[in-house]
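J.: Predicted structure and sequence below. I'll ask about it afterward.
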Amino acid sequence: MKIALLSSVFGGHDTPKEVPAQEGFEYKTFFFNEDNSRPFPNLNDRLKSKYYKCQSHRVEELKEYDLHCWVDGSVQITSPLFLKDMATRLLESGGDIVIGKHNQRECIYDELDVVINSKDEYLTSRYANQQLPLERAFYVEQGHPTKWGLWSCGIWMRHNGIKMNEAFDLWWDINITYSYFDQPAFCYSMRKHGINIVQAPYIEKGDVFKNDYFYRLEHNKIA
């Protein structure tokens, strides 16, 4: 069982982080940025990074790995047991993906409404010119239920197989059609493909921002 631990940052939004040596499984770390990426002439910096997040199964050097583990560029891993505990939870549960539930909400519509109606500088800068109202209307039209669940998409581990890859293809399609807002598109795509989502072990050791495995730092840039 081989694990790819991957992250991606474009445009200087975050700084590459050192990862402590991991125990228990064969793994390799991958960090993608302007120095080793595909050209992506038609994508902005956030979507360039998001490609590696949603389409890791299409990246040649990652295809041989059984499990893909994504860590956002703002996350500093601190524990040598991070990969082992994530993989053990995924494999023993029989799930398709291990990820942490959102710490505040459980509905994609509530999450979208917070951003659409926000006056917060961080949110308005980050999601300026994104088609969030149209995206929300799409989910309503498709019959996505309220209170179905909401997950925080900055850290996860998944199987690199047909079922998960197809779900992540849909996640990417929504990113390039409507917005790069993670959570709603992820939840819709996983439900649409019948993905078995398993709660990540780090939630039991803190929360999605700081726990026994990692902590989050502020982004270098907002927009």
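T.: Arrived safely. Numbers count the residues shown, from 1 in each chain.
J.: what's the burial count for the residue lying closest to residue 194 once chain neighbours are set aside?
T.: Distances taken as C-beta to C-beta, 6 or more residues apart in numbering put residue 163 closest to residue 194, at 8.0 Å, once the chain neighbours are dropped. C-beta: built from backbone N, CA, C; applies to glycine. Neighbours of residue 163 under the rule other C-beta atoms under 10 Å: 14.
J.: separation between residue 163 and residue 57?
T.: 11 Å (C-beta to C-beta, to the nearest Å).
J.: Name all residues that make contact with residue 167.
T.: 96, 189-190, 192-193, 195 (C-beta atoms under 8 Å, 6 or more residues apart in numbering).
J.: which SSE is it in?
T.: Residue 167 is part of helix 162-177 when elements are defined by DSSP states H and E.
J.: Which is the succeeding secondary structure element to that helix?
T.: helix 182-192.
J.: Helix, strand or coil: sort out the most centrally placed residue in the chain for me.
T.: Residue closest to the average C-alpha location in the chain (C-alpha atoms, centre = their mean): residue 153, at 3.6 Å. Assigned with DSSP: H, G, I helix; E, B strand; the rest coil, residue 153 falls in the strand class.
J.: tell me what whatever helix or strand residue 134 lives in is packed against?
T.: Taking DSSP H and E as the definition, residue 134 sits inside helix 132-141. Contacts defined by 3 or more C-beta pairs under 8 Å, 6 or more residues apart in numbering; DSSP states H and E place helix 132-141 against helix 108-116, helix 182-192.
J.: and the first one, what's its mean pLDDT?
T.: Averaging the model's pLDDT scores along helix 108-116 yields 95.
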